[in-house]
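Participant: just a sequence and a predicted model for now, questions to come.
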Amino acid sequence: MPMPMPLPLPIPTEEPEDPSSSSLPPANYPPPSPIQLLPDDTLHHIFACLPLRETLASRSVCRHFHDALSSPSFLSLLPPLPLLALRHPRHHHHNYHLPPSLLAFDPSSSRWLRLSLSFVPFASLSPVTASSSLLYLWADPSPSSSSSDSKPPKSLILCNPLTRSFRILPPLGSAWSRHGTVLAAPAIAGSAVLVLTELAALSYSPGAASWRKFSLNLPSKPRSPVIIGASIYALCDTGNPWRSQWKLFSCAIDDLGGPRGWAQLERHEWGDVFDILKRPRLVRGAGTSRILMIGGLRSSFAVDAPCSTVLILRLDLGTLEWEEAGRMPPEMYRCFAGVGGQRTAAATANAAGNNKVKVFGGEGRVWFSGKRVRGKMAMWEEEEEVEKCPGVGGTWKWVDGAPGYGDVVYRGFVFDAAANEIS
């Protein structure tokens, strides 16, 4: 079961009784604790050394701690807490009987946390992505306000669960909310939020009155787009209906809809790097110049070739060189394939080739989920120095205790929780 984040206890609103008006002599009152006599600057220095989660929980100790540790200037200086936020399964979007919340996993402590979203005044909320400490949600209108004939479009909400602040972005059409992929740019790119569909994209910057629309001019719908620095990277299928042919495209956020637009990244030295993976996806690597491409490792170049494991490739955007970053261990991949130990290797490969594994993450961590693996996920963490022996790059481990939603498959994104206000 998920372990909820410690919440501050209610702070008394009544002033403490004046000792002079009490029947007890002043001598019967215990002296204040020495730590309660420390100035705020000293408390800030002490608690700045603790993780964000423990600092927030310490505010419930006493009123002095609550007032000192609630200062916005102090909270903004605390290092963020990197989390994996889970997206709600499709059937959970419209469950109006459950309080809205964000379910997240803390890799540093291997704990599940639940952050309340009840401060956002919408009936149903679905987290979709995050930009640093700010969370983006699709919000459904009240179920009583929608009829069976016409359904109002969703609203895109920007919020921070720690400061309990939110802002409703300008309205979008229903097609964008149903089919669009939401991307959040970092501060280096102006903190813009993008919504991409097969043919067009919308862009919104803080303070703007409306969305800007751009034509994508791509050969196909962008697959697993990611923002690194001030540019977007995405995979596109340039093949035919009988065989997919994936290529890597990029575009600067400022060039969306401009004359330069999207450009295909390709080098002769790459060879067949896109042909050896089945269902490839992109994930941000560690640092600011790495892309991870993850997919099933084909046993041959045949269209229906089965996969033997999951392969992780890494592209250095500075040198435009690919290298192998890791392979899922065989015993771990067999769990996703749903094949017992008594099966033959051919049966294992065929079952694995038909099994879809969901891939998500960022900042050097990749998570894997599948229908045949319930209650847990696999996690891979990037290492600075990659071994040259296949299968030993990075760190692989199981993440247990994932809350169950029946037979659905988990999806998620990286969320750096921090107490920053919305600008």
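Facilitator: Great, that's in hand. Residues are numbered from 1 along each chain as shown.

Participant: show me where the stretch 151-300 of the chain dips below the pLDDT cut-off.
Facilitator: Under the criterion pLDDT under 70, the flagged ranges of the stretch 151-300 of the chain are 151-152, 187-190.

Participant: which parts of it are helices?
Facilitator: 174-179 (DSSP state H, counting those that start in this stretch).

Participant: for it, what spans make up the strands?
Facilitator: Using DSSP state E, counting those that start in this stretch, the strands of the stretch 151-300 of the chain run over residues 155-160, 165-168, 181-184, 193-196, 200-204, 212-215, 223-228, 231-237, 246-252, 263-265, 277-284, 290-298.

Participant: pull up the pairing partners for whichever helix or strand comes after the longest one, direction included.
Facilitator: Going down the chain from strand 290-298, the next helix or strand is strand 307-316, by DSSP states H and E. For strand 307-316, the pairing partners within the sheet under DSSP bridges are strand 290-298 (antiparallel), strand 321-327 (antiparallel).

Participant: rewinding a little: so can I have JSON lines of the strands of the stretch 151-300 of the chain showing mean neighbour count and distance to S126?
Facilitator: Every residue, glycine included, has its C-beta placed from N, CA and C. Output for those, formatted as JSON lines (neighbours: other CB atoms under 10 Å; distance: least, CB to CB, whole Å):
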{"stretch": "strand 155-160", "mean neighbour count": "22", "distance to S126": "10"}
{"stretch": "strand 165-168", "mean neighbour count": "16", "distance to S126": "14"}
{"stretch": "strand 181-184", "mean neighbour count": "20", "distance to S126": "10"}
{"stretch": "strand 193-196", "mean neighbour count": "23", "distance to S126": "14"}
{"stretch": "strand 200-204", "mean neighbour count": "21", "distance to S126": "18"}
{"stretch": "strand 212-215", "mean neighbour count": "14", "distance to S126": "23"}
{"stretch": "strand 223-228", "mean neighbour count": "19", "distance to S126": "19"}
{"stretch": "strand 231-237", "mean neighbour count": "21", "distance to S126": "22"}
{"stretch": "strand 246-252", "mean neighbour count": "20", "distance to S126": "27"}
{"stretch": "strand 263-265", "mean neighbour count": "13", "distance to S126": "32"}
{"stretch": "strand 277-284", "mean neighbour count": "21", "distance to S126": "21"}
{"stretch": "strand 290-298", "mean neighbour count": "23", "distance to S126": "24"}
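
Participant: what secondary structure does Y333 sit in?
Facilitator: Y333 falls in the helix class when you classify it by DSSP: H, G, I helix; E, B strand; the rest coil.

Participant: output the strands of the stretch 151-300 of the chain as JSON lines; include the columns distance to E382.
Facilitator: Shown next, in JSON lines, are the strands of the stretch 151-300 of the chain (distance: least, CB to CB, whole Å):
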{"stretch": "strand 155-160", "distance to E382": "27"}
{"stretch": "strand 165-168", "distance to E382": "33"}
{"stretch": "strand 181-184", "distance to E382": "21"}
{"stretch": "strand 193-196", "distance to E382": "25"}
{"stretch": "strand 200-204", "distance to E382": "29"}
{"stretch": "strand 212-215", "distance to E382": "32"}
{"stretch": "strand 223-228", "distance to E382": "14"}
{"stretch": "strand 231-237", "distance to E382": "17"}
{"stretch": "strand 246-252", "distance to E382": "19"}
{"stretch": "strand 263-265", "distance to E382": "21"}
{"stretch": "strand 277-284", "distance to E382": "10"}
{"stretch": "strand 290-298", "distance to E382": "7"}
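
Participant: show me what the helix or strand harbouring G375 is packed against.
Facilitator: Applying DSSP H and E as the criterion places G375 in strand 373-381. Contact analysis of strand 373-381 by 3 or more CB pairs under 8 Å, 6 or more residues apart in numbering; DSSP states H and E lists helix 330-337, strand 365-370, strand 395-400 as its packing neighbours.

Participant: what's the spacing between R267 and L115?
Facilitator: 43 Å (CB to CB, to the nearest Å).

Participant: actually D255, not the one I typed
Facilitator: 36 Å.

Participant: and these two? Which one has more around it.
Facilitator: The residue with more neighbours, out of D255 and L115, is L115; 21 against 17, by other CB atoms under 10 Å.

Participant: can you give me the helices for the stretch 1-150 of the chain?
Facilitator: 40-47, 52-57, 63-69, 72-75.

Participant: between the ones you listed, which one is closest to V273.
Facilitator: Among the helices of the stretch 1-150 of the chain, the nearest to V273 by CB to CB is helix 52-57 (39.1 Å).

Participant: tell me the mean pLDDT over that closest one?
Facilitator: Helix 52-57 carries an average pLDDT of 81.

Participant: next one: that helix to chain centre, how far?
Facilitator: On the basis of CA atoms, centre = their mean, to the nearest Å, helix 52-57 sits 21 Å off its chain's mean C-alpha point.

Participant: can you check stretch 100-108 too?
Facilitator: Offset of stretch 100-108 from its chain centre (CA atoms, centre = their mean): 10 Å.

Participant: list the buried residues in stretch 411-423.
Facilitator: By 16 or more other CB atoms under 10 Å, the buried positions in stretch 411-423 come out as R411, G412, F413, V414, F415, D416, A417, A418, A419, N420.

Participant: which of those residues lies closest to A234?
Facilitator: Nearest to A234 among those, with distances taken as CB to CB, is F413, at 15.8 Å.

Participant: could you report the distance from that closest one to P161?
Facilitator: Counting by CB to CB, the gap from F413 to P161 is 14 Å.

Participant: for S155, same thing?
Facilitator: Counting by CB to CB - S155 and P161 are separated by 17 Å.

Participant: and L50, what does it touch?
Facilitator: Residues near L50 by CB atoms under 8 Å, 6 or more residues apart in numbering: S58.

Participant: dihedrals phi and psi, it?
Facilitator: Phi and psi for L50, reported as degrees, to the nearest 10, are phi -90, psi 160.

Participant: for the spatially closest residue to L265 that is not a sequence neighbour, name its beta-bridge partners.
Facilitator: Closest residue in space to L265, ignoring its immediate chain neighbours: L248 at 4.6 Å, by CB to CB, 6 or more residues apart in numbering. Assessed by DSSP bridges, L248 has beta-bridge partners L235, L265.

Participant: cool, A417 as well?
Facilitator: Bridge pairing for A417 - DSSP bridges - gives L81.

Participant: quick one: the strand holding G375 to strand 277-284, angle?
Facilitator: Per axes from the mean of the first three to the mean of the last three CA atoms, to 10 degrees, the angle that strand 373-381 makes with strand 277-284 is 60 degrees.

Participant: who does strand 373-381 pair up with?
Facilitator: strand 365-370 (antiparallel), strand 395-400 (antiparallel).
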